[in-house]
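Engineer: show me how the following folds:
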Amino acid sequence: MMNKLLLLCFVFFAVSNAYNFDVAYNREKCFSEEIAYDVLVNGKYSTPSSPISTVHIKVLDTFQQQIFGDTDGTGSFAFTSTSAGVYTFCFNLISTGGQKYVPPARVSFDLKVGVEAEDYDAIAISEHLSPLEVELRKLEDAAAAVNKHMNYMRQREAAMRNTNESTNSRVLWLSFFSMVTLVSLGVWQIIHLKKYFKSRKL
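Structural biologist: Modelled structure (predicted):
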């Protein structure tokens, strides 16, 4: 039962997305993925070679800072997330010969996040692991990923709770200030009207 649960967690927390799409000339196409802290990310991309165009790729972190860039149109990248949040992967078709019209380019993009990004074949060879030991390693890594994700969710929950408490406190003070302002304005109006009537001897 425990093995089945860990296997389900492995499937849930190991993200693997394969995309095939067209990129139009000078029209950037981007994908976003929410990634936790300290998670391995691996991506491969390829485009048909063309004498008149090439596809540029860039990867942006949670602060919209570029952490990877390539102008060859075919290659791969790997990095470990340094902060939790949304990472963006963008593709842009660029003309290399100054043509006014460039036909769209077909891009194949394979993105793997977390346990799915690990190369267990290479690990098995380097550490001389049996197939059973490899599966146990996958389950162990999946359990660690689940624990890391739960810690990340707890941190987000605490941050949201603090934000809600801060917002409620500000709303309370704003309501109090509004009431004091309205009461003060009413008292001032009464005093002003009394003075006005006295001056007019009404």
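
Engineer: and the lengthiest strand in the chain, what does it pack onto?
Structural biologist: Ranked by residue count and defined by DSSP state E, the top strand of the chain is strand 85-95. Counting contacts by 3 or more Cβ pairs under 8 Å, 6 or more residues apart in numbering; DSSP states H and E, strand 85-95 packs against strand 15-23, strand 29-35, strand 40-46, strand 53-60, strand 105-113. For glycine as for every other residue, the C-beta is placed from the backbone atoms N, C-alpha and C.

Engineer: what are the buried residues along that strand?
Structural biologist: 87, 89-93 (16 or more other Cβ atoms under 10 Å).

Engineer: among the residues you listed, which one sits closest to Asn151?
Structural biologist: Tyr87 (19.0 Å; Cβ to Cβ).

Engineer: point me to the residue sitting closest to the centre of this structure.
Structural biologist: The residue lying closest to the centre of the chain (Cα atoms, centre = their mean) is Val86, at 1.1 Å.

Engineer: that one bridge partners, please.
Structural biologist: Going by DSSP bridges, Val86 is paired in beta bridges with Glu34.

Engineer: what is the least confident helix or strand in this structure?
Structural biologist: helix 2-13 (a mean of 42; mean pLDDT, DSSP states H and E).
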